[in-house]
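Colleague: Turn this into a model:
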Amino acid sequence: MFENLSERLSGVFDRLTKQGALSEEDVKTALREVRVALLEADVSLPVARDFVKAVQDKATGQAVTKSVTPGQQVVKIVHDALVDTLRGEGDPGALKIDNPPAPILMVGLQGSGKTTTTAKLAKRLKERDGKRVLMASLDTNRPAAMEQLAILGNQIGVDTLPIVKGEDPVAIAKRAKTQASLGGYDVYMLDTAGRLHIDQELIAQAAAVRDVANPRETLLVVDGLTGQDAVNVATEFDAKIGVTGVVLTRMDGDGRGGAALSMRAVTGKPIRFVGLGEKMDAIETFEPDRIAGRILGMGDIVALVEKAQETIEAEQAEKMMKRMMKGQFNMNDLRMQLEQMLKMGGMEGMMSMMPGMGKMAKQVEQAGFDDSILKRQIALIQSMTKKERANPALLQASRKKRIAAGAGMEVSDLNKLLKMHRQMGDMMKKMGKMGKGGMLKQAMKGMFGKGGMPDPASMDPKALEAAARQMGGKMPGGLPGGLPGLGGGALPPGLSGFGKKK
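Modeller: Residues are numbered from 1 along each chain as shown. Next comes the predicted model:
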């Protein structure tokens, strides 16, 4: 998502931040490149023009040219302008689910991923908000559309309205309303029929269902890959039916992301969610400040921590932390970390959310690494006996040969894994002792709810730099939910040359 735009902008800002002082001409040249980058990312011309004008007004004043770090000042102004463009007028907040059962109407064109998105949202409401959800398919046109929703409902453990053949969409909507009231549901979701393009029949049907259900939210599902056409679809639906929010699907497949930037500015409708894949949990709330951070390569630490909280067992992590601080970091702990990385989207998925790691993700990809490396490392650990996993010091030549053969790999690969384990163990010890209460302890507390996630603004960069220098000039790595042993600018130790793709 936003990969092309991110690359172009980071090139522009790299040049700016390297200059000690900026003239107005430097800023204008940079903003011309920003405008070209926006247009290449498929942002509509009026939106790109307004965006650059808003930035230029703020960036050519005394505050920037006389600033201590003028380049960074411009980056901040662009970041704020991006947030304003993505947020628009007023933040809609969470979905309106009051006076149960609250109806949510899902509308959109055929093929935009409406049915899958309905199931994803239902799963999210059930698991995150503890809501009882009923789904109903009103799509009487597309073959097996109703059955598809019923199958998805079974997969995610959400009830679906029983199918009655021959009913029209309005009758189904009325029956869903009754069932939701009698069954004590908090929310009922109505998945309407789509067409390949907007026509009178589609609009009339959706309007009739809207009048019967009187929905709290009408969410328009549009395919992010269609670029500016997605914006046109949103404008049309809003004019004819009235839309309260937009869900952009397939955003993982689009490196440009211009539709997202134009959507809010052109339609005035908030983007509520983005779909990032086929899996049932591949949906995220659209947070303008976090998305702006991702576009500018600042990462999205909050999303990373959220993913960690979803997949890490807090109790298990607490035990692991205590052992690590005593220097008792064994192969079981390493395996848990590697599995954790895979659950959180693999190396690429995690690096894309870490500040300044976007370019490094590219280096890793170009070097021929992928997530199969992590799987092979896990296979090596699984080839060990319980005793060997608990005490890697036992691993002598004959044992190494047996373990490597068991995983179908070379002894050299096992040696690299053991070296990585040693480096991580040493780093854990240093981090456990460092600073007030130990850096590792503070990081873990932030991730597992004791005092909540620390505010990045409150962290002292100088203290972090000093800590990194103490550890040999490398950024701390190997935290649960963090890249194992990640050094400053280099590939993670132990991965270099490990089981490279042939």
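
Colleague: residues near Gly420, how many?
Modeller: That one is not Gly; residue 420 is Met. By other Cβ atoms under 10 Å, the residues close to Met420 number 22. The C-beta positions use only the backbone N, C-alpha and C, and glycine is treated the same way.

Colleague: actually Asp413, sorry about that
Modeller: The burial count for Asp413: 22, using other Cβ under 10 Å.

Colleague: just Gly245 next, same as before
Modeller: 18.

Colleague: ok, now how distant is the residue nearest to it when sequence neighbours are not counted from Asp426?
Modeller: Nearest residue to Gly245 in three dimensions, chain neighbours excluded: Arg272, at 3.8 Å (Cβ to Cβ, 6 or more residues apart in numbering). Distance, Arg272 to Asp426, using Cβ to Cβ, to the nearest Å: 46 Å.

Colleague: Which of those two has more residues huddled nearby?
Modeller: Shown here are Arg272 and Asp426; by other Cβ under 10 Å, Arg272 has more neighbours (20 against 16).

Colleague: any idea whether the more buried one is helix, strand or coil?
Modeller: Using DSSP: H, G, I helix; E, B strand; the rest coil, the structure places Arg272 in strand.

Colleague: Quick check: it touching Phe286?
Modeller: Yes. Applying Cβ atoms under 8 Å, one finds Arg272 in contact with Phe286, separated by 6.2 Å.

Colleague: So which residues of the stretch 301-450 of the chain form helices?
Modeller: 301-311, 314-325, 331-343, 346-351, 358-366, 372-382, 386-390, 397-407, 411-433, 439-447 (DSSP state H, counting those that start in this stretch).

Colleague: The third one to helix 411-433, inter-axis angle?
Modeller: Think helix 331-343. 90 degrees (axes from the mean of the first three to the mean of the last three Cα atoms, to 10 degrees).

Colleague: how about the helix or strand in which Lys177 is found: buried residues?
Modeller: Per DSSP states H and E, Lys177 falls inside helix 169-182. The neighbour-count check on helix 169-182 (16 or more other Cβ atoms under 10 Å) flags 169, 172-173, 176-177, 179-180 as buried.

Colleague: List just the nearest of those to Arg35.
Modeller: Pro169 (44.8 Å; Cβ to Cβ).

Colleague: how near is the nearest residue to the closest one once chain neighbours are set aside to Glu7?
Modeller: On the basis of Cβ to Cβ, 6+ apart, the spatially nearest residue to Pro169 that is not a chain neighbour turns out to be Leu138, at 4.0 Å. From Leu138 over to Glu7 the distance is 42 Å, taken as Cβ to Cβ.

Colleague: need the strands for this protein, in chain order.
Modeller: For the chain, the strands defined by DSSP state E occupy 102-108, 133-137, 159-160, 187-191, 217-223, 245-249, 271-275, 283-285.

Colleague: Format the ones you listed as CSV; extra columns: mean pLDDT and distance to Ile203.
Modeller: Compiled in CSV, the strands of the chain are given as follows (pLDDT from 0 to 100; distance: least, Cβ to Cβ, whole Å):
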stretch, mean pLDDT, distance to Ile203
strand 102-108, 91, 10
strand 133-137, 92, 19
strand 159-160, 91, 26
strand 187-191, 92, 16
strand 217-223, 89, 12
strand 245-249, 87, 17
strand 271-275, 86, 22
strand 283-285, 83, 26
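
Colleague: mind giving me the domain ranges of the chain?
Modeller: Domain ranges of the chain: 3-87, 102-298, 302-470, per automatic domain parsing.

Colleague: which of those sits most buried?
Modeller: Neighbour counts (mean count of other Cβ atoms under 10 Å) averaged over each of these peak at domain 102-298, with a mean of 20.

Colleague: Any stretches of the stretch 1-150 of the chain with poor pLDDT?
Modeller: 1-4, 16-22, 61-72, 88-93 (pLDDT under 70).

Colleague: can we see that at 90?
Modeller: Where the stretch 1-150 of the chain drops to pLDDT under 90, the residues are 1-101, 108-114, 127-131, 139-145.

Colleague: Same check on the stretch 401-502 of the chain?
Modeller: Scanning the stretch 401-502 of the chain for pLDDT under 90 picks out the ranges 404-413, 415-502.

Colleague: can you list the residues that contact the helix holding Lys177?
Modeller: Outside of helix 169-182, the residues within contact range by Cβ atoms under 8 Å, 6 or more residues apart in numbering are 101, 103, 134, 136-140, 161, 164, 167, 185, 187-188, 190, 192-193, 205, 208-209, 212-213.

Colleague: picking up where we left off before, against Ala260, how distant is the residue nearest to Gly245?
Modeller: Using Cβ to Cβ, Arg272 is found at 12 Å from Ala260.

Colleague: Overlap in contacts, the two.
Modeller: With Cβ under 8 Å, 6+ apart as the test, Arg272 and Ala260 both reach Phe286.

Colleague: hang on, the earlier thing: would you confirm that the residue nearest to Pro169 contacts Gly194?
Modeller: No. Using Cβ under 8 Å, Leu138 makes no contact with Gly194, being 10.6 Å away.

Colleague: now the domains of the chain in a markdown table, with distance to Ala94?
Modeller: Output for the domains of the chain, formatted as a markdown table (distance: least, Cβ to Cβ, whole Å):
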| stretch | distance to Ala94 |
| --- | --- |
| domain 3-87 | 15 |
| domain 102-298 | 8 |
| domain 302-470 | 15 |
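
Colleague: Compare the ones you listed and give me the one nearest Lys96.
Modeller: Of those, nearest to Lys96 by Cβ to Cβ is domain 102-298, at 4.4 Å.

Colleague: CA atoms only for stretch 121-134 - export them in CSV, please.
Modeller: Taking C-alpha atoms only, stretch 121-134 is exported to CSV below (Å, rounded to 0.1, in the frame of the first residue of the first chain):
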residue,chain,number,x,y,z
LEU,A,121,-16.2,-6.6,9.7
ALA,A,122,-18.6,-9.1,11.4
LYS,A,123,-15.6,-11.0,12.8
ARG,A,124,-14.0,-7.8,13.9
LEU,A,125,-17.1,-6.6,15.7
LYS,A,126,-17.5,-10.0,17.4
GLU,A,127,-13.9,-10.4,18.5
ARG,A,128,-12.8,-6.9,19.3
ASP,A,129,-16.0,-5.3,20.4
GLY,A,130,-17.8,-8.4,21.9
LYS,A,131,-20.9,-7.8,19.7
ARG,A,132,-23.4,-10.4,18.7
VAL,A,133,-23.7,-10.1,14.9
LEU,A,134,-26.2,-11.5,12.4
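
Colleague: So which residues make contact with it?
Modeller: Contact partners of stretch 121-134, identified using Cβ under 8 Å, 6+ apart, comprise 95, 97, 101, 104, 135, 153, 156-161, 176, 179-180, 183-189, 219, 247, 273, 280-281, 283.

Colleague: likewise stretch 201-213?
Modeller: Stretch 201-213 has contacts (Cβ under 8 Å, 6+ apart) with 103, 105, 107, 138, 169-170, 173-174, 176-177, 190, 192-195, 218, 240-242.

Colleague: if I look at the residue lying closest to Lys240 once chain neighbours are set aside, how far off is Leu109?
Modeller: Excluding the flanking residues, the one nearest Lys240 by Cβ to Cβ, 6+ apart is Ile203, at 4.7 Å. Computed with Cβ to Cβ, the distance linking Ile203 and Leu109 is 12 Å.

Colleague: Repeat that for Leu45.
Modeller: 24 Å.

Colleague: Tell me who's in contact with the residue nearest to Gly245.
Modeller: Per Cβ under 8 Å, 6+ apart, neighbours of Arg272: 92, 95, 219, 245-247, 285-286.
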